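1. I would like to see how this sequence folds:
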Amino acid sequence: MIALVLAAMLPVLYSDAGPQTAPALRELGIRRVAVPASSLKKWQGVDGISAEAADPERAVKLITPSVNYRAYDATATQAPWINSNGWRYLRNPGARFFVEAPGPAAALAAAEANLFGGDTLVHTDSAGLKPLGEMLAFLRTLGEDKLPPLVNIGFVDDRTPVSGERLNMMIVRNLLVGPVAAPDPHLDLNVAVGDKSYPEAAWHNPDLLEHVVRGNLTDDKRLLRVFGTDVVIGRLTGDADHVRVHLLNYAGGRRSVQGVRIRVLGSWPHQTAAVAGVPDAQLMDCAVDAVATEFTIPELKTYAVIDLSR
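-> Predicted structure coming up:
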């Protein structure tokens, strides 16, 4: 396991409206905006709002986070596909990002930025301002996360679109992976394109590659496991004395997830939970042994952060 240094800051609303919207933004809990450079002078000095100039054209473009449900050919069930920007965030540490996120997706976009430690401009519509303000208020209650991200799989990334698909598949299946320039001996597993220990077919099929990577790592070495849902992505930050578990329900705003079971490698006898939209959230069925810590989140609406300590 290795900690990768990644600075994090709260996402910010990108607004192309004028300062006459400031009272409504303040009422919704939005305290910071990014605006076109041509509008910055108008926003400066507006009470209760911190404004900065930003250019979306210079930012890394993201897709709107969401879940698509696709029917299986042979059954009546649906397979969820997560539209995540995780691999874009991990590929571009230190970059500024821009995402169009209308309606409830604005809250998802803000939570996803926090999940992956991205400096993100969120552009939304009038329906998105309230959920965005609520998520930003929740994120402020968490305080600054100074713990570095934890991963134990290195992916030697050649930065091609195909490699991006491979990295994405590992992220959405909750394998804690990070891009590396070369194999890192401190990690439990390194994955490099063309590695002879992987079948040729795996390099042309991200889904198969994920299965092979998981088998090579073994479930016993997975830092984080998520049970009972296919729409939640988790990441870890931490050090020897404290681990923070970040969990994002990509169906948030449409469907809550009930009874999410989490397993974190390591013995962590003290647990505290913060769950967006769930006041005084409590964990259930906590179990701690010398190898791992498990607990259940009764309801995950959108975003949760669980602090574990010795």
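2. what sits against Thr302?
-> Listed by Cβ atoms under 8 Å, 6 or more residues apart in numbering, the contact set of Thr302 reads 107-108, 111, 135, 248-249, 252-253, 276-277. Yep, even glycine has a C-beta here, placed from its N, CA and C like the rest.
3. Counting neighbours, which of the residues you listed comes out on top?
-> Leu108 (32 neighbours; other Cβ atoms under 10 Å).
4. Is it located within a strand, as I assumed?
-> No: per DSSP: H, G, I helix; E, B strand; the rest coil, Leu108 lies outside any strand segment and is helix.
5. At which residues are the helices of the stretch 151-300 of the chain located?
-> Applying DSSP state H, counting those that start in this stretch to the stretch 151-300 of the chain gives helices spanning 161-172, 206-217.
6. Can you check which of those gets nearest to Leu265?
-> helix 206-217 (11.5 Å; Cβ to Cβ).
7. which other helices and strands contact the closest one?
-> If you count contacts as 3 or more Cβ pairs under 8 Å, 6 or more residues apart in numbering; DSSP states H and E, helix 206-217 packs onto helix 161-172, strand 189-192.
8. Pipe the ones you listed into TSV and attach mean pLDDT and mean neighbour count per row.
-> Converted to TSV, the helices and strands packed on helix 206-217 look like this (pLDDT from 0 to 100; neighbours: other Cβ atoms under 10 Å):
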stretch	mean pLDDT	mean neighbour count
helix 161-172	93	19
strand 189-192	94	19
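9. Adding distance to Val257, write the ones you listed out as CSV.
-> Converted to CSV, the helices and strands packed on helix 206-217 look like this (distance: least, Cβ to Cβ, whole Å):
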stretch, distance to Val257
helix 161-172, 15
strand 189-192, 28
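10. buried residues in stretch 36-56?
-> Buried residues in stretch 36-56, counted by 16 or more other Cβ atoms under 10 Å: 39, 43, 46, 49, 51, 54, 56.
11. would CSV of those residues with pLDDT, distance to Thr296 and secondary structure be doable?
-> Converted to CSV, these look like this (pLDDT from 0 to 100; distance: Cβ to Cβ, whole Å; DSSP: H, G, I helix; E, B strand; the rest coil):
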residue, pLDDT, distance to Thr296, secondary structure
Ser39, 95, 47, helix
Trp43, 96, 45, helix
Val46, 93, 45, coil
Ile49, 95, 40, coil
Ala51, 96, 42, strand
Ala54, 97, 40, coil
Pro56, 97, 40, helix
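12. any chance of these in JSON lines, with distance to Val12 too?
-> Formatted as JSON lines, the buried residues of stretch 36-56 follow (distance: Cβ to Cβ, whole Å):
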{"residue": "Ser39", "distance to Val12": "14"}
{"residue": "Trp43", "distance to Val12": "13"}
{"residue": "Val46", "distance to Val12": "15"}
{"residue": "Ile49", "distance to Val12": "11"}
{"residue": "Ala51", "distance to Val12": "10"}
{"residue": "Ala54", "distance to Val12": "8"}
{"residue": "Pro56", "distance to Val12": "12"}
